[in-house]
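> curious how this folds, go ahead:
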Amino acid sequence: MRTREFAGTRVGAVGLGCMGMSWAYTESERDDDASVALIREALDLGVTFLDTAQPYGDGHNETLVGRAVAGRRDEAVVATKTGLVVESMATRNIVRDGRPEHVKASAEDSLRRLGTDVIDLYYLHRVDPEVPLAETWGAMAELVAEGKARTLGLSEVGVAQAAEAHAIHPVAAVQSELSLWTRDPLGAPGGRSGTLPGDTTETGEGPGDVVGWCAASGAAFVPFSPLGRGFLTGTVTAADFEDTDFRGGNPRFQEEALKANLRIVDVVKAVAARHGATPAQVAIAWTLAQGEHVIPIPGTKKRKYLRDNAGAAALDLTEADLAELDGVPAAVGGRY
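Got it, this is the predicted structure:
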């Protein structure tokens, strides 16, 4: 697989989001043994940038990733996160906690579950509006000084917050949702597409050109959900999800919005047909084309989709392709 640079290390140009192996999507298909095998196959394919977080199954996903990389730890760049806490698995209620003491304690928990001595990339999952960012980020920087984290990142922030943190300790990566139906981090006009309470974009101001800020600041930009939570693959054509599936409550996946959003998929399919590629590969390749510092992390728990996603690294979209894809209509419905 082609590679890209992250903090002085070469990683696969396409990474792997591991969240769906533990919760949020089609949970009836959860199979830990199969997921471990998938992660190990990912490493074989050169998919070496692995993403997890404490809230994904309330620690389950970190344990799963730790089990998968055991004996192969030096082949993987493992990212996990702090700052969000699962208050109730029954209701899936998640709260923010950016207190320095929580940052330190959650890092120890993550290290234990991952079975490692150091976290390669430690993200602040969400900024806690009740705690000054400087205090949270300062505690995370102390973890780097102590050798418990190699690099630090931020998730779902705007340019101002990224710059504030970067002035205290280098921001190695910013992770945000970016895909053909969520282009807010590019600073796209009218790009506001729905937020979690407390997110920077909740003010309506938008995050700004976060992708550009990362390029200028020597940071990676890591798109999560580059496949639009599976929608851009063209396989989701009806609002029919399990009760526990996160997408069932998303505005974009409600019946009328979903039908309208199929216009986006039609364009992706047309480009894919010209290249003999899959829609998934085109959607991922579009994110890769946003800059050499962009490392998307599509998630899957099926090995055939892992191979498909990895193949996007070899797909070169033409200027005409990109212009056509850039011109797709804005998505109908908010993200959340």
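> assumed residue 66 was part of a strand.
No - going by DSSP: H, G, I helix; E, B strand; the rest coil, the assignment for residue 66 is helix, not a strand.
> where does residue 278 fall, phi/psi-wise?
phi -100, psi 160 (degrees, to the nearest 10).
> who's in contact with it?
233, 272, 308, 311 (Cβ atoms under 8 Å, 6 or more residues apart in numbering). For glycine as for every other residue, the C-beta is placed from the backbone atoms N, C-alpha and C.
> try it again at 7 Å.
By Cβ atoms under 7 Å, 6 or more residues apart in numbering, the contact set of residue 278 is 272, 308.
> look up how far residue 179 lies from it.
Here residue 278 is placed at a distance of 15 Å from residue 179 (Cβ to Cβ, to the nearest Å).
> same check on residue 169?
Computed with Cβ to Cβ, the distance linking residue 169 and residue 179 is 29 Å.
> residue 51 now?
According to Cβ to Cβ, residue 51 and residue 179 sit 15 Å apart.
> cool, and residue 144?
In this view, residue 144 and residue 179 are 31 Å apart by Cβ to Cβ.
> neighbour count: those two, which is higher?
For residue 144 versus residue 179, the count of surrounding residues by other Cβ atoms under 10 Å is larger for residue 179: 23 against 18.
> the more buried one against residue 225, yeah?
Yes - counting by Cβ atoms under 7 Å, residue 179 sits close enough to residue 225 to count as a contact (5.9 Å).
> just say helix, strand or coil for residue 81.
Here residue 81 takes the strand state, with states given by three-state DSSP.
> my guess is it contacts residue 125. True?
Yes - applying Cβ under 7 Å, one finds residue 81 in contact with residue 125, separated by 3.9 Å.
> find the residues that touch each one of the two.
Contacts common to residue 81 and residue 125, judged by Cβ under 7 Å, 6+ apart, are 53, 155.
> so what touches the longest helix seen in the chain?
Using DSSP state H, we find that the single longest helix of the chain is helix 255-275. If you take Cβ under 7 Å, 6+ apart as the criterion, helix 255-275 is touched by 180-181, 231-232, 234, 239, 251-252, 278-279, 281-283, 315, 321, 324-325, 328-329, 331-333.
> with just CA atoms, put the next helix or strand after it into CSV.
Using DSSP states H and E, the helix or strand that follows helix 255-275 in sequence is helix 279-288. Extracted in CSV, the C-alpha atoms of helix 279-288 (Å, rounded to 0.1, in the frame of the first residue of the first chain):
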residue,chain,number,x,y,z
PRO,A,279,-18.1,3.5,-4.9
ALA,A,280,-16.3,3.0,-1.6
GLN,A,281,-12.9,3.3,-3.2
VAL,A,282,-14.0,6.5,-5.0
ALA,A,283,-15.3,8.0,-1.8
ILE,A,284,-12.1,7.3,0.1
ALA,A,285,-9.9,8.4,-2.7
TRP,A,286,-11.7,11.7,-2.7
THR,A,287,-10.6,12.3,0.9
LEU,A,288,-7.1,11.3,0.0
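> what's helix 279-288 in contact with?
In contact with helix 279-288 (Cβ under 7 Å, 6+ apart) are residues 13-14, 178-180, 223, 226-227, 232-234, 265, 268-269, 271-272, 294, 296, 298, 308-309, 311-312, 315, 317, 325.
> ok, stretch 43-61 next?
With contacts defined as Cβ under 7 Å, 6+ apart, stretch 43-61 is touched by 1, 6, 11-12, 14-19, 21-23, 39, 62, 65, 72, 75-82, 84, 86, 89, 94, 106, 109-110, 113, 125, 295, 297, 307, 310.
> cool, and stretch 291-309?
Contacts of stretch 291-309 with the rest of the structure, by Cβ under 7 Å, 6+ apart, involve 4, 6, 11, 13-21, 29, 34-35, 38, 41-42, 45, 49, 51, 211, 214-215, 220-224, 226-227, 278, 280-281, 284, 287-288.
> in strands only, show me these.
4, 6, 11, 16-17, 49, 51, 220-224 (DSSP state E).
> so can I have JSON lines of these showing pLDDT and distance to residue 139?
Shown next, in JSON lines, are these (pLDDT from 0 to 100; distance: Cβ to Cβ, whole Å):
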{"residue": "4", "pLDDT": "98", "distance to residue 139": "29"}
{"residue": "6", "pLDDT": "97", "distance to residue 139": "23"}
{"residue": "11", "pLDDT": "98", "distance to residue 139": "26"}
{"residue": "16", "pLDDT": "98", "distance to residue 139": "28"}
{"residue": "17", "pLDDT": "98", "distance to residue 139": "26"}
{"residue": "49", "pLDDT": "98", "distance to residue 139": "25"}
{"residue": "51", "pLDDT": "98", "distance to residue 139": "22"}
{"residue": "220", "pLDDT": "98", "distance to residue 139": "22"}
{"residue": "221", "pLDDT": "98", "distance to residue 139": "24"}
{"residue": "222", "pLDDT": "98", "distance to residue 139": "22"}
{"residue": "223", "pLDDT": "98", "distance to residue 139": "27"}
{"residue": "224", "pLDDT": "97", "distance to residue 139": "24"}
